[in-house]
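**Student:** compute the structure for the input listed below.
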Amino acid sequence: MSSTPWRQPFGGGGLRGNPTATTLVWTGVAVLSCAAVALLVQRFDTTFVLVGLLCALALTPLVLWPELATVTCVFLLYTNVPVIAGRHGVPVAVASAFIGLLGLPLLQLLIVRRQRMKADTTFFLMIGFLVVLVASAIGAREPDLAEERIVVHIVEGLLLYWLIINVVRTLPTLRRVIWTLLAAGSMLGAMTLVQELTGNYKMQFGGLVQRNTEYAELTRLAAEGVTGEEIAEALAVKTGRSTRPGGPVSQSNRFAQILIVLVPLAVYMQRTERRRAGRNAALVAAALITAGVLLTLSRSAFLILASLAVAMVFLRWVRLSHLLVAGFALIMCASLVVPSFFERIASIASAVNVLSSDVADRSKTDGAVRGRTTSMMTAWLVFRDHPFLGVGAGQYQQYVLEYVRRIDNAPRDHTTARRAHNLYLELLAEVGVIGLAVFLWIIGSLIRRLFQRRRELLAKYPASADLATACGLMLLVYLGTGMFAHLSFQRYYWFALALAGAALHVLRAQHGAADSDDVHGDRPVMAVARIG
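**Tutor:** Numbering: from 1, shown residues only. Have a look, this model is predicted:
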């Protein structure tokens, strides 16, 4: 199986060797195009026609080179541009249509190149999770929320996974997708760094690096000694808000999460690029992405980043000396750019008192830690009362205020319905032990197969083993962040699984099937290739 080469047109061939016929064809195309434009201008508004033509011209390269559509879609997805465009008045239907770009390479592969469609074990397990979501939604307090969660899983989970594993079929295509992700992450990290260095939080690059500028201005005035009842009241109302960068998703911890999973991919590209320029570019990408993670001041991301560093040394992926030097340099730079960096990281130690019976000790713990601990305890209580299928997809928040009252000496009182801030506890509360088991089966089976492939390929094909390692670490990082964050912005999670699934298909195509249950369909258009 092979993907469309980067420069190969959609239709291939052409009229080479016959200049006269080529000239006649292009002349006819030009005449027909001019006539069509004239008719459109006569019937419709001129501006409308010109905008349509510009859109058509913009799409032409994507039609001619379908793989360009793949990387464009990946870049738009990871930078969250369609959602940001929706906030700026672009119709939701138009903004959401970007995923249709993957239809161009898919059609090229299925119709022009006559390749087979793919599905795998992970895809079928995701269907199983959909069944659990539907079953848990029966009798839900808010059916609309359950329906929304199910639709999100279908579109941002099943459809996205299936499209990615079908259009990313070769190693060159996969590497271009990874480079696209690193470019997106580097750009976001660089923008965050520019904001911090200049102190200009109003410069949000069109919404790609969002911040709470109103709160930033209030804290600046307070720091300068400006007093007044209005400022004091405003700061009191906005307690808990901060100027931390929220990236394209407008949430600091989520921003750190979508950046940190790219770090193993950057290391993979640095290890496997043949050209010095490529290796240097991967190093720069890793530095900018890591800087972006540190500048979010996300304590959970810092812990996961440290764990990732230990894992990479353990796997002999990076040298300990190199890692220590790079880590020290990045942390020092982050502390210089953000003076409160060390204070923020040091506050992690206060978490040990969060469950203390002594009210005074408990009060020393950071408010956010106390609030999240309370949310997690609430989710556990909800699960205990609904152990098998939970309270329903998307329903946990409907039970928070009811169950938080049952906690004796709660670390922090909740006056609003918050989410659980823990992927596993919220899944237990919403879809029960059955749903969590299927969810972990999906990602666990992928991780198992990736590291199995790593062991098989390490001796003879180290570069291929590195690909399996990178994808495995990427998924483990996401599981680690799940200890401190619930499942939101799901497209990033399912896309990570899709990338790992595509990598397994690529490795299978290059080095043969690793498992005995791989099967091929007999029909020319539809085949099921199981990896499991």
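**Student:** which pLDDT value goes with residue 97?
**Tutor:** Note for residue 97: predicted pLDDT of 77.
**Student:** again with residue 360
**Tutor:** Value for residue 360, per-residue pLDDT: 61.
**Student:** got it, and residue 326?
**Tutor:** 87.
**Student:** that one and residue 375, how far apart?
**Tutor:** The gap separating residue 326 from residue 375 is 35 Å, by CB to CB, to the nearest Å. Using the backbone N, CA and C atoms, a C-beta is placed for each residue, glycine as well.
**Student:** give me the more crowded residue out of those two.
**Tutor:** residue 375 (25 against 16; other CB atoms under 10 Å).
**Student:** and the pLDDT at that one?
**Tutor:** So residue 375 comes in at 87 (pLDDT).
**Student:** doesn't residue 417 make contact with it?
**Tutor:** No - contact criterion CB atoms under 8 Å: residue 375 and residue 417 do not qualify, at 9.8 Å.
**Student:** tell me the residues that contact both of the two, please.
**Tutor:** residue 400 (CB atoms under 8 Å, 6 or more residues apart in numbering).
**Student:** pull the helix or strand with minimum mean pLDDT from this structure.
**Tutor:** Sorting the helices and strands of the chain by mean pLDDT, DSSP states H and E puts helix 229-237 at the bottom, at a mean of 45.
**Student:** could you point out which element follows that helix?
**Tutor:** helix 252-260 (DSSP states H and E).
**Student:** next secondary structure after the host helix or strand of residue 126?
**Tutor:** If you go by DSSP H and E, residue 126 is part of helix 121-137. On the C-terminal side of helix 121-137, the closest following helix or strand by DSSP H and E is helix 143-152.
**Student:** just give me how far that following helix sits from the chain centre.
**Tutor:** 20 Å (CA atoms, centre = their mean, to the nearest Å).
**Student:** what residues of that helix count as buried?
**Tutor:** 145-147, 149-150, 152 (16 or more other CB atoms under 10 Å).
**Student:** what do you get for stretch 377-389?
**Tutor:** So stretch 377-389, judged by 16+ other CB under 10 Å, has buried residues 377-380, 382-383, 386, 389.
**Student:** surely residue 150 and residue 393 touch.
**Tutor:** Yes - contact status for residue 150 versus residue 393: in contact at 6.3 Å, counting by CB under 8 Å.
**Student:** the residue nearest to residue 115 when sequence neighbours are not counted and residue 283, how far apart?
**Tutor:** Computed as CB to CB, 6 or more residues apart in numbering, the closest residue to residue 115 that is not its neighbour in sequence is residue 109, at 4.8 Å. According to CB to CB, residue 109 and residue 283 sit 34 Å apart.
**Student:** how about residue 151?
**Tutor:** Going from residue 151 to residue 283 by CB to CB gives 41 Å.
**Student:** I figured residue 207 hits residue 247, correct?
**Tutor:** No - using CB under 8 Å, residue 207 makes no contact with residue 247, being 9.7 Å away.
**Student:** one step back: now do the helix holding residue 126: distance to the chain's middle.
**Tutor:** Offset of helix 121-137 from its chain centre (CA atoms, centre = their mean): 21 Å.
**Student:** also stretch 443-458?
**Tutor:** That offset, for stretch 443-458, works out to 21 Å (CA atoms, centre = their mean).
**Student:** what's near enough to touch residue 383?
**Tutor:** 390, 425, 428-429, 432-433.
**Student:** so of these, which ones are in helices?
**Tutor:** Among these, the members found in helices (DSSP state H) are 425, 428-429, 432-433.
**Student:** who wins for neighbours among those residues?
**Tutor:** residue 429 leads the ones in helices among the contacts of residue 383 on contacts (other CB under 10 Å) with 33 neighbours.
**Student:** for the stretch 1-150 of the chain, which residues score under the pLDDT cut-off?
**Tutor:** Confidence mapping of the stretch 1-150 of the chain against pLDDT under 70 gives the ranges 1-60, 62-64, 90-95.
**Student:** distance of residue 129 from residue 492?
**Tutor:** With CB to CB as the criterion, residue 129 and residue 492 are 17 Å apart.
**Student:** what segments of the stretch 201-350 of the chain are helices?
**Tutor:** 213-223, 229-237, 252-260, 263-272, 276-295, 299-314, 320-337, 341-346 (DSSP state H, counting those that start in this stretch).
**Student:** likewise the stretch 351-500 of the chain?
**Tutor:** So, for the stretch 351-500 of the chain - with DSSP H, counting those that start in this stretch - the helices run 359-363, 367-385, 400-404, 423-457, 462-481, 490-511.
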